[in-house]
Each structure stands twice: as structure tokens, then as C-alpha cells.
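*Asks:* Need coordinates for the below:
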Amino acid sequence: MLQDILSGIPLGFFLAFMVGPAFFVLLETAAMRGFRAALAFDIGVIVADVVFIFIAYFSTNQLLRSIKDDPALFIFGGSILTIYGIIAYIKARRATYTQADFEVQKLKRKDFFGIVIKGFLLNFINIGVLGFWLGLLIIFGPSLEMEGSRLIVFFTSIIVTYLVVDIFKILLAKRLNKKLTPKRITLFKKGISFLLIVFGIILILRGVMPEQMNDIEDNFENTAMNSKAKKVVEEVVKPF
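*Replies:* Just a heads-up that it's a prediction; the model follows:
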């Protein structure tokens with residue numbers, strides 16, 4: 001059991017710092033609405049992750065692969081994310097802010113539920129998240145003998161680590177609230193909206209031209225790895 005926990009912890013750290021729509025909206029929520037709102041959003045994201053884990057575990061391999069690689073799902077999810085980003089950008093441009101907008105207000109029960117749903121949907125429409133959990137199940141499942149109790153421990157350690165790291169991220173982002181001004185808050189919201197649009201377009205492109213996008217991702221990874229290797233070599237030979 002301890003080995004299963006130790007195997008999941010590094011993956012939890014990795015998941016917490018994966019850059020995606022939920023990552024930026026979490027930081028925005030923490031800075032704008034406070035700790036409880038951001039935690040509610042994060043709970044929604046985690047619920048979506050748990051749903052994906054169950055789908056990955058209980059579905060057949062053939063069904064999983066057809067879902068994971070279905071271009072229509074990427075286009076659908078990307079379109080929703082892009083439209084959401086455009087609407088958020090337009091609202092940010094038209095909105096006017098006062099000092100009261102910078103003050104963290106007490107979260108009502110209905111607000112809490114709405115933010116949880118927002119986190120769930122924002123994560124659930126990203127079909128790439130299903131691919132991530134499916135990949136973990138395929139890679140680590142055999143070493144865990146596909147035993148239910150061991151898989152529960154493994155994935156729970158990932159989720160708990162992810163949540164703990166996110167809490168620290170929320171606390172750090174919350175400190176930005178004291179530095180917010182009307183101009184900064186507008187730029188902040190526009191920036192988050194723009195990033196959501198970019199991620200949505202990327203999802204659409206993955207559905208429209210999957211092979212080309214895979215080639216671009218492979219080239220980017222190879223370039224990044226070569227650049228990193230070059231820096232390592234330079235550091236090694238520098239003393240000489």
C-alpha cells in the first residue's frame with residue numbers, strides 16, 4: 001500500500017501544475033472571490049476527475065479508445081470552451097468595477113453549488129483529461145495487478161496530493177486581492193478569457209487535424225528537450 005501511495009504522489013504534483021483552463025480559472029477565482037470560492041471550484045474539478053477515472057476503469061478498451069480519439073468530442077468541447085471564453089471576454093470589457101468588487105464576500109450555499117458545477121463542467125468538457133487518466137490506468141494498472149483496492153489507493157493519493165498543492169496555490173493567489181485595481185482586474189479577466197479561447201481553439205484543431213497537431217506537439221517537445229540538453233552540456237563544460 002505504501003508503495004502505491006508513493007507512486008501516486010509525484011503524479012499528483014505533476015497534475016497540479018499542468019497548465020490548462022482549470023488552472024487559470026482556479027487562480028482567478030482565488031484572487032477575485034477568495035479561498036472558499038476557489039476551493040469550491042477545485043472540488044468541482046476533482047469530481048470531474050473522479051468521474052473520468054470511473055469511466056476509464058469500467059469501460060471497455062475499445063470504447064475508451066473510440067471516445068478518447070473521437071474528433072467530434074474535441075470539436076464539441078473546444079467550441080464550448082471557446083464560446084465561454086468569448087462571452088467572458090466581452091463581459092470583462094463591458095464591466096465596471098468599484099472597490100466593493102475587490103472585497104471577498106461571504107459565499108452563500110447556492111453560490112457554492114454554482115461554483116462547484118462550474119469547475120466540474122470546465123474540466124469535464126476537456127476530453128484530453130479522460131486521455132490523461134486512461135493513460136495512467138494503462139501504464140500503472142498492470143503493475144497494480146488491476147486490483148480494485150490498490151487502484152483506489154493509487155488514484156486517491158494522486159487526487160489528495162493534487163488538492164493539497166492546489167490549496168497552497170489558492171492561498172498564494174488570494175494574496176493578489178490586495179493589489180487589485182479596476183484596471184488590473186479588467187486586464188486579469190481579459191487575460192484569463194483569452195487563454196480559455198486559446199485552449200478551446202487548440203481542442204478544436206485537435207479534432208479537425210489530429211495528425212498535424214500531434215506532429216506539432218512532438219516537434220515542440222523535441223525542441224524543448226534539445227534546448228534543455230544543450231543547457232545541461234553548457235553547464236557541465238563551463239568550468240573547463
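*Asks:* how is this structure carved up into domains?
*Replies:* Recorded structural domains for the chain (assignment: automatic domain parsing) are 2-208, 213-240.
*Asks:* Of those domains, flag the one that's most buried.
*Replies:* Between these, domain 2-208 has the highest mean count of neighbours, a mean of 17, where neighbours are mean count of other Cβ atoms under 10 Å. All C-beta spots, glycine's among them, are computed from the backbone N, C-alpha and C.
*Asks:* next one: it to chain centre, how far?
*Replies:* 4 Å (Cα atoms, centre = their mean, to the nearest Å).
*Asks:* For the domains of the chain, give me JSON lines that also has mean pLDDT.
*Replies:* Conversion of the domains of the chain to JSON lines gives the following (pLDDT from 0 to 100):
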{"stretch": "domain 2-208", "mean pLDDT": "78"}
{"stretch": "domain 213-240", "mean pLDDT": "54"}
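*Asks:* Convert the C-alpha atoms of stretch 120-128 to CSV, please.
*Replies:* Output in CSV follows, covering the C-alpha atoms of stretch 120-128 (Å, rounded to 0.1, in the frame of the first residue of the first chain):
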residue,chain,number,x,y,z
PHE,A,120,-16.9,20.3,-12.9
LEU,A,121,-18.1,21.4,-16.4
LEU,A,122,-14.9,23.3,-17.2
ASN,A,123,-12.9,20.1,-16.6
PHE,A,124,-15.4,17.7,-18.0
ILE,A,125,-15.6,19.3,-21.4
ASN,A,126,-11.9,18.8,-21.9
ILE,A,127,-11.8,15.3,-23.3
GLY,A,128,-8.0,15.3,-23.0
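*Asks:* Name the nearest residue to Ile204, ignoring sequence neighbours.
*Replies:* Distance criterion Cβ to Cβ, 6 or more residues apart in numbering; nearest residue to Ile204, sequence neighbours excluded, is Gly78 at 3.6 Å.
*Asks:* Helix or strand: which one has the one you found?
*Replies:* In the assignment (DSSP states H and E), Gly78 maps to helix 71-94.
*Asks:* what's that helix in contact with?
*Replies:* 21, 67, 122, 125-128, 186, 189-190, 192-208, 210 (Cβ atoms under 8 Å, 6 or more residues apart in numbering).
*Asks:* let's see it at 7 Å
*Replies:* Outside helix 71-94, the residues within contact range by Cβ atoms under 7 Å, 6 or more residues apart in numbering are 21, 67, 125-127, 186, 189-190, 193-194, 196-197, 199-201, 203-204, 206-208, 210.
*Asks:* Next, find the distance separating Val165 from Met18.
*Replies:* Applying Cβ to Cβ, to the nearest Å, the value for Val165 to Met18 is 11 Å.
*Asks:* What of Tyr57?
*Replies:* The span separating Tyr57 from Met18 equals 21 Å under the rule Cβ to Cβ.
*Asks:* And Gly85, by the same measure?
*Replies:* Here Gly85 is placed at a distance of 18 Å from Met18 (Cβ to Cβ).
*Asks:* ditto for Ile46
*Replies:* If you measure Ile46 against Met18 using Cβ to Cβ, the figure is 14 Å.
*Asks:* Check Leu121 too.
*Replies:* According to Cβ to Cβ, Leu121 and Met18 sit 18 Å apart.
*Asks:* what does Thr161 give?
*Replies:* Thr161 is 13 Å from Met18, where distance means Cβ to Cβ.
*Asks:* list residues touching both of these two?
*Replies:* Taking Cβ under 7 Å, 6+ apart as the contact criterion, Thr161 and Met18 have no common neighbours.
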